[in-house]
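K.L.:
Build me a structure from this.
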Amino acid sequence: MPRKKINGVLLVLAKLLEVEEDKGISILRLQELTGIKNYYTINRHLDILKELGFIEEEVDMGPPARRLIRLTEEGRKAAYHARELLRLAKII
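P.N.:
As a prediction, the model looks like this:
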C-alpha cells in the first residue's frame, strides 16, 4: 500500500481520537480536521477503518442528513498507536 494511503488512514484515525465525541463527528468536519478535501478519498479511508472494526457510523436524518463517525473501543486503542506512529514519522 503506498505511503500516502497509509498516512491518510492513520491520520483519520488519529484525528478521530483528538475530537472523540459520544454522538460522532461528521465527514465534513473530519475533512476539515485532516485536510483531506476529496470526499471519495476520505470515504476510502473510512471504509478501511470500518472493515477493520475501528469505527462505526450512524446516519443522522437531520435535516440535513449526515453520517456520524465514531471510534469503537478497538479503534480507540489503534488510534493511540496511529497518533504515535505519525509523530515518529514527523507527520503530525
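K.L.:
does residue 76 belong to a helix or a strand, and which?
P.N.:
Residue 76 is part of helix 73-88, with elements assigned from DSSP states H and E.
K.L.:
okay, which residue of the chain is out on the far edge from center?
P.N.:
residue 63 (23.0 Å; Cα atoms, centre = their mean).
K.L.:
surely residue 82 meets residue 13?
P.N.:
Yes. Using Cβ atoms under 8 Å, residue 82 is in contact with residue 13, at 4.2 Å. Where you see a C-beta, it was placed from the backbone N, CA and C, and this is true even at glycine.
K.L.:
follow-up on the earlier one: need the three-state assignment for the residue farthest from the centre of the chain.
P.N.:
coil (DSSP: H, G, I helix; E, B strand; the rest coil).
K.L.:
Grab the nearest non-local neighbour of the residue most central in space within the chain.
P.N.:
Ranked by distance to the mean C-alpha position of the chain (Cα atoms, centre = their mean), the top residue is residue 12 at 3.2 Å. Counting by Cβ to Cβ, 6 or more residues apart in numbering, residue 12 lies nearest to residue 45, which is 4.7 Å off, once chain neighbours are set aside.
K.L.:
All good on my end, thank you.
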